[in-house]
Structures are given as structure tokens and as C-alpha cells.
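Undergrad: let's see this in three dimensions:
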Amino acid sequence: MAHLNFSPLKIIFNNNEKIYKKKSNDNLNQKSKEDSNLKTKDNVNKFSSILVQTSKVQKKDVPVYINALGTVTPIESVTVKTEINGELLKIFFNEGQLVKQGDILAEIDSKPLKAQYAQYQGQLYKDQAFLTNAKLDLKRYKILYPSGGISKQTLDTQTWLVKQYEGVIQSDKGQLEAVNVNLNHCKIKAPISGKVGLRQVNPGNYVQISDQNGIVIINKIQPIHIVFSISEDYLPQILEKTKIQFKIPTLAYNKEQTEQIASGELVSTDNQIDLSTGTIKLKSQFQNEKQNLFPNQFVNIKLLIETLPEAKIVPISAIQHGKIGDYLFVYENKKAKLKKVTTGPTDGDNIVIKNGVELDELVIIEGLDKLADGLEVSVP
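TA: Numbering: from 1, shown residues only. Coordinates of the predicted model:
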């Protein structure tokens with residue numbers, strides 16, 4: 001077996017070369033890590049500012065409203081009933097139709113009343129004949145009495161007989177007038193102008209004065225009222241406003257408060273406060289030209305009590321709340337600057353700022369969750 005000869009110096013050199021290469025590789029890896037860390041730090045410094053959205057502080061005349069829930073109430077509501085008993089012959093209206101005062105709505109069978117009228121008229125003619133005859137007899141008795149042809153008693157009896165027949169005739173005329181009135185009631189007319197509802201009875205039915213439901217209900221909807229309640233705390237403001245401007249503008253909105261239904265004016269207030277709720281009832285009148293308001297409909301009411309001239313407004317989303325109260329961030333010199341503000345009433349998506357900011361300042365409205373006073377920010 002052959003023996004290999006290794007030089008000790010060669011072995012040491014090879015080992016040293018391996019150690020040197022290992023150290024060189026370690027140095028390169030460390031440098032690569034440092035370069036990588038340096039780049040990351042540079043990136044952080046470069047992109048450390050927070051991206052935000054801003055909006056300018058603007059000025060606007062801002063209306064101040066009292067919000068309430070109201071119920072639409074017709075100015076007049078009438079249940080049309082028959083004033084005589086009889087068979088309902090005809091209906092002259094369509095359900096939901098607008099009618100005018102005096103329009104004929106229905107007709108009751110008048111034949112029994114016409115027969116009764118003829119009977120009373122015949123009685124009147126008969127009694128008039130009796131009266132005429134009694135007057136002629138009285139005239140004769142007055143001629144005979146001075147000569148002693150008849151007694152004073154006979155003359156007096158005839159005088160009062162004439163008076164009796166005059167009373168009978170007056171009664172006959174009254175009966176005829178009563179029947180004539182009932183004949184007029186056979187044609188049922190609209191007592192007010194308004195909108196008719198669903199009819200409560202159909203032709204062919206026997207209707208009576210005692211019927212509770214009547215024939216139809218008429219509601220006057222042009223104009224129409226809305227009754228609503230507000231807190232008694234607002235009462236002094238409203239009373240003061242009514243001294244200057246009696247009719248306070250009132251707006252009616254749909255249930256979601258996304259659409260204005262109608263506009264009107266405050267016309268009256270109740271004369272007492274409800275002790276159980278601490279509220280007072282108010283009533284506003286609306287012309288309701290488009291007929292958007294229906295009796296018993298629930299609507300949202302906005303009662304204008306004040307207008308703030310040239311008020312400073314910002315989006316509501318800019319307002320933050322904390323221990324210091326209400327505050328917002330202003331974009332200034334590429335930094336977010338915290339400012340404490342005093343807020344006022346809202347106007348749609350905006351809110352009034354009474355003090356704390358100036359016009360045309362840029363307030364931050366998005367990206368607020370990571371902001372702090374003095375933090376660098378950027379805008380698109």
C-alpha cells in the first residue's frame with residue numbers, strides 16, 4: 001500500500017484560506033443586510049407622511065331648524081250622512097275624486113215624499129175652502145148683528161172660527177214646507193270642497209239618519225294642516241319670532257328625510273304645555289298643490305327659527321371629539337395641526353364652526369384615524 005506524503009505547511013495554508021474565504025463571505029452578507037436596512041429606512045423616511053383629504057372652510061347663510069315629527073290633519077273633515085230615511089238610488093261620485101261644495105253626491109228615492117206632498121197640498125186646498133166660507137159667513141153676521149138678526153155669541157163664534165181656519169191653513173203650509181225640505185234632501189250635496197274617500201254604502205240599500213258610517217267622508221286637503229309637538233324649551237324662541245314674523249316657514253320631509261314634500265307656514269300654537277311630555281303642539285298650514293300630503297300621514301317637520309348669516313362651515317366628517325372637546329386638524333405646511341373648535345348647528349353634511357378656524361383654511365376630512373398634532377401629512 002503506497003503512502004501519501006502531506007506537507008504540514010500546505011495543510012496550514014489551506015486551512016487559513018478556508019477561514020479567510022468564510023470571513024469574506026460573512027462580511028459581504030453583513031454589508032448586504034446593512035444596505036437592505038438602509039434602503040428600508042430610506043423608504044420609511046420617504047413614505048412616512050400620511051395621505052389625507054382636505055376641504056376648505058367656507059361661509060354660507062345657514063338656516064337653523066327645529067326638527068319634529070308631525071301628523072297631517074285636514075282643515076275640515078265631514079262624514080256625509082242622509083238627512084232622511086229611504087232607498088239609495090244613485091251615487092254620483094268616484095272614489096278619490098275631488099268635489100266642490102254643492103256638488104250632488106247621491107240621490108234618495110223621493111216618490112214617497114212626493115206622494116206625501118200631494119196629500120198635504122190637497123188638505124191645504126180643502127182648508128182654504130173652509131176658511132173662505134167662514135169669512136163669508138162672518139161678513140153676513142156682521143151685517144145682521146146690528147139689526148138683531150143674530151146674537152152676539154153667534155158673531156163671536158164665527159169670528160173665532162175664521163181664526164181657527166187661518167191657523168189650520170198655516171199648519172198645512174208648514175207641513176208642505178217640511179216635505180219640500182225633505183224632497184231637497186233627497187239629493188245629497190257636498191257640504192265642503194275636498195277629496196272623497198271610499199263609499200260606505202252602495203245603491204239599493206235603505207239608508208237612515210241613524211247610520212253611523214254615513215255615505216262617504218270628505219276631507220279638505222287644499223290647504224291642509226300638519227300638527228306637531230316640540231319641546232317647551234323652544235317656546236320662547238318661537239314666541240319671540242312670531243312677534244317679528246308671525247308666519248314662520250315650515251318644511252315637510254319624507255320619513256327618510258331625503259326629500260322635501262311641501263313647504264308651509266306656522267299658523268297657530270296650543271294654549272298649554274303637555275305636562276306628561278313637556279312639549280307643546282304647533283300647527284302649520286300647507287297649500288298642498290301637488291297633493292303630496294294625506295290625512296293621518298306621518299312626516300318630518302323642520303321649523304325655521306333662525307338664519308346664521310355668513311357662517312363658517314366645514315364637513316361634519318372633519319370634527320373629532322375628545323377630552324378637550326370638539327377639535328379638528330388643519331393642513332398647514334405639510335403637517336396636521338390640531339385646533340380646538342366650537343361647533344354650531346348642522347346644515348346637511350356640513351356643520352357650523354363658531355370659532356377656532358378661519359375662512360379658506362384646509363381642514364382634513366379623511367385619514368384622521370392615524371393623525372396627531374404636528375404629524376407630517378400629504379395630499380393627493
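Undergrad: show me the contacts for the residue lying closest to Ile218 once chain neighbours are set aside.
TA: Of all residues not flanking Ile218 in the chain, Gly194 sits nearest, at 4.5 Å (CB to CB, 6 or more residues apart in numbering). Heads up, the C-betas are built off the backbone N, CA and C, glycines and all. The contact partners of Gly194, by CB atoms under 8 Å, 6 or more residues apart in numbering, come to Pro74, Glu76, Val78, Leu98, Val99, Ile218, Asn219, Lys220, Ile221, Gln222.
Undergrad: count of residues packed around the closest residue to the fourth one other than its chain neighbours?
TA: Taking CB to CB, 6+ apart, and ignoring the residues beside it in sequence, Leu98 has Lys195 as its nearest neighbour in space, at 5.5 Å. Neighbourhood size, Lys195 [other CB atoms under 10 Å]: 19.
Undergrad: pretty sure Arg199 contacts Gln97?
TA: No. With contact defined as CB atoms under 8 Å, Arg199 does not count as touching Gln97 (10.7 Å).
Undergrad: so which of those two has more stuff around it?
TA: Taking other CB under 10 Å, Arg199 and Gln97 do not tie; Arg199 has more neighbours (20 against 14).
Undergrad: so the closest residue to Glu358 other than its chain neighbours versus Gln320, what's the distance?
TA: Leaving out its chain neighbours, the residue that sits closest to Glu358 by CB to CB, 6+ apart is Val57, at 6.6 Å. Look at Val57 and Gln320: by CB to CB, to the nearest Å, they are 16 Å apart.
Undergrad: which residues of the stretch 151-300 of the chain fall in strands?
TA: 187-189, 194-196, 206-207, 216-219, 224-231, 249-253, 260-269, 279-286, 298-315 (DSSP state E, counting those that start in this stretch).
Undergrad: adding distance to Val341 and mean pLDDT, write the ones you listed out as TSV.
TA: Below are those laid out as TSV (distance: least, CB to CB, whole Å; pLDDT from 0 to 100):
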stretch	distance to Val341	mean pLDDT
strand 187-189	65	96
strand 194-196	51	95
strand 206-207	70	96
strand 216-219	49	96
strand 224-231	26	96
strand 249-253	28	95
strand 260-269	30	93
strand 279-286	32	95
strand 298-315	8	93
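Undergrad: now those as CSV including distance to Phe130?
TA: Formatted as CSV, those follow (distance: least, CB to CB, whole Å):
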stretch, distance to Phe130
strand 187-189, 35
strand 194-196, 50
strand 206-207, 38
strand 216-219, 47
strand 224-231, 59
strand 249-253, 69
strand 260-269, 61
strand 279-286, 61
strand 298-315, 69
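Undergrad: ok so, going back, scan the contacts of Gly194 and report the most crowded one.
TA: Going by other CB under 10 Å, Ile218 tops those with 26 neighbours.
Undergrad: just checking, that residue touches Val196?
TA: Yes. Counting by CB under 8 Å, Val196 is a contact partner of Ile218 at 5.4 Å.
Undergrad: which residues do the two both contact?
TA: Between them, Ile218 and Val196 share the contacting residues Val99, Ala190, judged by CB under 8 Å, 6+ apart.
Undergrad: show me what contacts the residue lying closest to Pro380 once chain neighbours are set aside?
TA: Closest residue to Pro380 apart from its sequence neighbours, by CB to CB, 6+ apart: Leu51 at 7.0 Å. Residues near Leu51 by CB under 8 Å, 6+ apart: Gly367, Val377, Ser378, Val379, Pro380.
Undergrad: which one (most neighbours) among those?
TA: Val377 (20 neighbours).
Undergrad: number of nearby residues for Leu198?
TA: 8.
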